[in-house]
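>>> Okay, here's the prediction I keep looking at, along with the sequence it came from:
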Amino acid sequence: MFLRWSYVRFLFGLRHMGANWQVGDGREQALADYVCAHARRHDIDDVIRTIDEFCYTKSYLINVGDEKGRILDRAVAAARPRRLLELGTYCGYSALRIARAMPADAVLYSIEFNPANAAVAQRIWDHAGIGDRVVVIVGTLGDGGRTLSALREEHEFISGSLDFVFLDHVKEEYLPDLHRILEQDWLRPGSVVVADNVKYPGAPEYRAFMRQHERVRWRTREHRTHAEYQKVLKDLVLESTYLG
Ligand code: CA
């Protein structure tokens, strides 16, 4: 019954989504209020648990979710990255999971095109006590160079300095943004790129690109999983190691 209900809520949530998988009907703000009211301050585990609770019981949100979150956790822990980049902050849920799994001296830079979502995420991170280890930047990598140059000039992104990338934004932008990162020469052999929602809603060009370059420039593991907070729709998370 629980699973069926979660699926109904999932479909209901889908109806409210815009083209960019953003909802924008106030539920992001409601999430931040709920976290600040119910999660223990400066307790990252409790903040993550409270967001999952909100998504299962209150309102469906496009977070990576707990099932796929564990794939992300393991990928970050295995890579032991120092500098990380996330595309698609949304409410800051995956950034919380990444920050929990990354080494203590690592910094995550998270790009979000919607300033209201960036503010929600910042509020939740401050509550979790990770506000100094995660930096949110409002923009997109395809905004004509503004965000790319901010990363280069204000945040010391240099050749070979980027250890880990998490793609979870507009699905059509996965491949163009990966090319932008490659053009900047920020990756090094051994850097890891994780991409969410490759099957649902789907990033077929990105998947084809990784298959085409398998064992030449990339080595990819495809994790079979489910879409967020339900067990019916199948999804894929791709974990790709750059070979240089
Ligand atoms: Ca996602």
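Sure thing, it's come through. What you see is a predicted model; the values in this text were computed from it and never measured.

>>> Can you get me the start-to-end distance on stretch 135-144?
End-to-end distance for stretch 135-144, by CA to CA, to the nearest Å: 21 Å.

>>> from the chain's centre, how far out does that stretch sit?
14 Å (CA atoms, centre = their mean, to the nearest Å).

>>> do the same with stretch 178-189
18 Å.

>>> And for that stretch, what's in contact with it?
If you take CB atoms under 8 Å, 6 or more residues apart in numbering as the criterion, stretch 178-189 is touched by 85, 141-142, 148, 152, 157-163, 165, 167, 193, 206, 209, 242-244. All C-beta atoms are positioned from the backbone trio N, CA, C, and that covers glycine.

>>> start to end distance for it?
Taking CA to CA as the measure, stretch 178-189 stretches 15 Å from start to finish.

>>> Average pLDDT for that stretch, rounded please.
If you average the pLDDT over stretch 178-189, you get 98.

>>> Equivalent analysis for stretch 78-97, please.
Regarding stretch 78-97, the rounded mean pLDDT is 96.

>>> Go through it and flag the buried ones.
Neighbour counts using 16 or more other CB atoms under 10 Å place 79, 81, 83-97 of stretch 78-97 among the buried residues.

>>> any chance you could map the helices in this structure?
With helices called from DSSP state H, the chain shows them at 2-15, 27-38, 44-57, 65-79, 93-101, 115-128, 146-154, 174-184, 204-212.

>>> The residue in the chain that the ion sits nearest to: what's its closest spatial neighbour, skipping adjacent residues?
Using CB to the ion, the single residue of the chain nearest to the ion is Asp196, 4.0 Å away. Once flanking residues are discounted, Asp196 sits nearest to Asp168: 4.4 Å by CB to CB, 6 or more residues apart in numbering.

>>> tell me, how many neighbours does the one you found end up with?
26 (other CB atoms under 10 Å).

>>> what's the weakest-modelled helix or strand in the chain?
Taking mean pLDDT, DSSP states H and E as the measure, the chain has helix 2-15 as its least confident helix or strand, at a mean of 49.

>>> Alongside the ion, which residues does the chain contribute?
Asp168, Asp196, Asn197 (CB under 5 Å from the ion).

>>> contacting residues for the first one?
Contact analysis of Asp168 by CB under 8 Å, 6+ apart lists Val64, Glu86, Leu87, Gly88, Tyr90, Ser94, Ala195, Asp196, Asn197.

>>> wait, what's in contact with the fourth one?
Under the criterion of CB under 8 Å, 6+ apart, the contact partners of Gly88 comprise Ile111, Glu112, Leu167, Asp168, His169, Val170.

>>> Next: the second one.
Taking CB under 8 Å, 6+ apart as the criterion, Glu86 is in contact with Ser94, Ala95, Ile98, Leu108, Tyr109, Ser110, Ile111, Val165, Phe166, Asp168.

>>> does the first one really touch Phe166, like I thought?
Yes - judged on CB atoms under 8 Å, Ser94 makes contact with Phe166 at a distance of 6.3 Å.
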